[in-house]
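**Q** Generate coordinates for the sequence data below:
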Amino acid sequence: MRLPGDFKHAVESVLKILALLLFVLLIGATPLAVAQTTEPIVETPQVAGSLIRAPGWELVHAHCSGCHSITLVTSQRGERPFWKELIRWMQRTQNLWQFEPATEETILNYLATNYGAGRPQRRAPLAADLLPVAR
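**A** Just a heads-up that it's a prediction; the model follows:
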């Protein structure tokens, strides 16, 4: 079957546009779809100056970082009584607000679990073969 020239040209133009559109949808939309469905990149468990990402870290960040650096928190180590007394001291002397009981419980659990006395504050010492040679 022969098509008139104008009609044939119109069909070819439409097919070219559809092919281009399909290409754009298949190739161009893939990164967008991936970006919308992938989880955000999460930092390593602890980066200098940040909190260990564990249940309760958001509350600790919200209630502590308003007055001082998070590094002040992460550089401390202590069991639950230590953290509770530290909170009480800040409430007595530094105008720290009173927490709701559930909030305080979550904060204390987080701090005692992730910054307890048994956890090291510093990295392990370097191996002897990694130390500079004395001259």
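
**Q** Burial check on residue 63, number of neighbours?
**A** The number of residues packed near residue 63 is 17, by other Cβ atoms under 10 Å. Yep, even glycine has a C-beta here, placed from its N, CA and C like the rest.

**Q** Look up which helix or strand it falls in, please.
**A** helix 57-64 (DSSP states H and E).

**Q** and the next element down the chain from that helix?
**A** helix 70-74.

**Q** list the buried ones in that next one?
**A** The neighbour-count check on helix 70-74 (16 or more other Cβ atoms under 10 Å) flags 70, 73-74 as buried.

**Q** so which of the residues you listed comes closest to residue 97?
**A** residue 73 (16.6 Å; Cβ to Cβ).

**Q** Next, format the buried residues of helix 70-74 as CSV and append pLDDT and distance to residue 86.
**A** As requested, these are exported to CSV (pLDDT from 0 to 100; distance: Cβ to Cβ, whole Å):
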residue, pLDDT, distance to residue 86
70, 94, 15
73, 93, 10
74, 92, 13
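
**Q** can you list those residues in CSV and add distance to residue 106?
**A** Below are the buried residues of helix 70-74 laid out as CSV (distance: Cβ to Cβ, whole Å):
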residue, distance to residue 106
70, 17
73, 14
74, 17
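
**Q** any idea how the protein splits into domains?
**A** 1-37, 57-114 (automatic domain parsing).

**Q** Do a quick rundown of the helices in the protein.
**A** 5-23, 29-37, 57-64, 70-74, 80-93, 101-114 (DSSP state H).
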